[in-house]
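Chemist: give me coordinates for this.
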Amino acid sequence: MDRRSILKHAGIAGVLAAGAAPAVHAQASIRWRLASSFPKSLDTIYGTAEVFSKKVSEATSGKFQISVHAGGELMPAFGVVDGVQNASVEMAHTAPYYFYGKDPTFCLGCAVPFGLNARQMNAWMYEGNGLKLMREFYAKYNIISFPGGNTGAQMGGWFRKEIKSVADLKGLKFRTNPFAGKVLEPFGVIPQSIPGADLYPALEKGTIDALEWVGPYDDQKLGFNKVAPFYYYPGWWEGGPQLDFYINTKAWEGLPAEYKAVVEAAASHAHVTMLSKYDARNPVAIKQLVGSGTKLRPFTQDVMNAAFKSAQQIYADLNNTNPEWKKVYTDYAKFLADENAWFRFTEGTFDRFMQAQKL
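Modeler: Model prediction:
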């Protein structure tokens, strides 16, 4: 083969190689902003958006950049739905149940009292009708959603005094998510809605009597154990709360197919990473908290039973008054019943046995 033949074939090979290169390299540069509902101090929740953003950049050779902004930086922590809906930002990372006041249906995309755990929520979202139904609901807010992390079952929170019965809840100023607050109102609880960055001073100054955030790892970082001695469990209102990435519909539709695939893959990666962090870090943190004097307490059975009854009444009322809720909750509740029947035989029995063993 002579020199010209070699060059000819080399040229063809180069053209073929160029044609086979990922199409993403031919795309134009894009810059988005992401508004988080969380403070930078939390490497778990706030950090999940950073994990997502980094993966998007890596997968597009830096051509698709998403800057992450903490709650309050671009807009209030609880204003991100409006921000995405109105295209003030292209996307947000938040806990959907913060927007109970807009429509309780938001909460079904995150957590409702005595609802799905983290694994069951994944199953409903990815293999059931969860993602489809929630996207149909979010469409009227100009939003498309992607699962963006899960904390796993949360703790019940920090209290200045012991809660020995339902009667001890009367008059309690308690920071919790809006749906849990609605369930607790019949017992005289005064629910408070406060962003994560403002929780410690509120508890320290006595503006609130108790609060719940997530669990040992985050709670220790925020220092709640320094101002409230009693740490209750479980957070029955958050058995498996899912966070979401919200993207403005027009911004999403403007992405090329390759970038859409990157966003979906990066969101799934971030989703898995968040729960993994909590499951790895909470065991260490709970030991340290107890070692420093934190008093662990379970909610009494009468508190749990009363809260369960209150929640079921709210669900029945919403089914009768809110068509959007009923459409999603009907599917959610059936899925939950089937999942619990299955978990009772396998996961539940295995977990109860293992947790009783000395390892």
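Chemist: for residue 173, give me its contacts.
Modeler: 190, 192, 207, 208, 209, 210 (CB atoms under 8 Å, 6 or more residues apart in numbering). C-beta: built from backbone N, CA, C; applies to glycine.
Chemist: most neighbours of all those residues, which one?
Modeler: Ranked by the number of neighbours (other CB atoms under 10 Å), those place residue 210 first, at 24 neighbours.
Chemist: what sits against the residue lying closest to that residue once chain neighbours are set aside?
Modeler: Spatially, and ignoring its direct neighbours in sequence, residue 210 is nearest to residue 159 (4.2 Å; CB to CB, 6 or more residues apart in numbering). Applying CB under 8 Å, 6+ apart, one finds that residue 159 lies in contact with 172, 209, 210, 228, 230, 231, 232.
Chemist: let's see it at 6 Å
Modeler: Applying CB atoms under 6 Å, 6 or more residues apart in numbering, we find residue 159 in contact with 210, 228, 230.
Chemist: repeat that for residue 213.
Modeler: Contacts of residue 213 by CB under 6 Å, 6+ apart are residue 219.
Chemist: mind pulling up the pLDDT for it?
Modeler: Reported pLDDT at residue 213 in the predicted model: 95.
Chemist: count the residues that sit near residue 205.
Modeler: If you count neighbours by other CB under 10 Å, residue 205 ends up with 9.
Chemist: also residue 303?
Modeler: 22.
Chemist: how about the one 10 residues further on?
Modeler: Neighbouring residues of residue 313 were enumerated by other CB under 10 Å; the total is 12.
Chemist: ok, residue 340 next?
Modeler: So residue 340, with other CB under 10 Å, has 13 neighbours.
Chemist: state the distance from it to residue 279.
Modeler: 21 Å (CB to CB, to the nearest Å).
Chemist: got it, and residue 343?
Modeler: From residue 343 over to residue 279 (counting by CB to CB), the distance is 17 Å.
Chemist: neighbour-wise, which of the two wins?
Modeler: residue 343 (16 against 13).
Chemist: spatially central residue for the chain, please.
Modeler: Note on the chain: the residue nearest the mean C-alpha position is residue 243, at 2.1 Å, using CA atoms, centre = their mean.
Chemist: so which strand or helix has that residue?
Modeler: strand 242-248 (DSSP states H and E).
Chemist: just checking, residue 235 is part of a strand?
Modeler: No: counting by DSSP: H, G, I helix; E, B strand; the rest coil, residue 235 is not part of a strand but coil.
Chemist: low-confidence stretches in the chain?
Modeler: 1-26 (pLDDT under 70).
Chemist: all helices for it, in order.
Modeler: Assigned helices in the chain, in chain order: 3-20, 45-59, 80-85, 118-126, 130-138, 178-184, 199-205, 216-222, 249-253, 257-291, 301-321, 323-345, 347-355 (criterion: DSSP state H).
Chemist: tell me which of these sits nearest to residue 237.
Modeler: With CB to CB as the criterion, residue 237 lies closest to helix 178-184 of the helices of the chain, at 3.5 Å.
Chemist: in the closest one, what's buried?
Modeler: The neighbour-count criterion (16 or more other CB atoms under 10 Å) identifies 178, 179, 180, 181, 182, 183, 184 as the buried residues of helix 178-184.
Chemist: okay, these in TSV with distance to residue 89 next?
Modeler: Listed next are these as TSV, based on distance: CB to CB, whole Å:
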residue	distance to residue 89
178	23
179	25
180	28
181	28
182	29
183	32
184	33
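Chemist: looking at these, which is nearest residue 88?
Modeler: Closest to residue 88, out of all of the buried residues of helix 178-184 and judged by CB to CB, is residue 178, at 22.9 Å.
Chemist: how much space between the closest one and residue 97?
Modeler: To residue 97, residue 178 is 7 Å away according to CB to CB.
Chemist: cool, residue 353 as well?
Modeler: 33 Å.
Chemist: between these two, which has more neighbouring residues?
Modeler: More neighbours surround residue 97 than the other of residue 353 and residue 97, with 23 against 9 (other CB under 10 Å).
Chemist: so that one sits right up against residue 107, yeah?
Modeler: Yes: with contacts counted by CB atoms under 6 Å, residue 97 reaches residue 107, the gap being 4.2 Å.
Chemist: quickly list what's touching both of the two.
Modeler: residue 179.
Chemist: need the contact list for residue 200.
Modeler: The contact partners of residue 200, taken as CB under 6 Å, 6+ apart, are 222, 223.
Chemist: now residue 108
Modeler: Residue 108 sits next to 328, 332 when contact means CB under 6 Å, 6+ apart.
Chemist: please report how far it lies from residue 137.
Modeler: Distance of residue 108 to residue 137, given as CB to CB: 8 Å.
Chemist: do residue 177 as well
Modeler: 18 Å.
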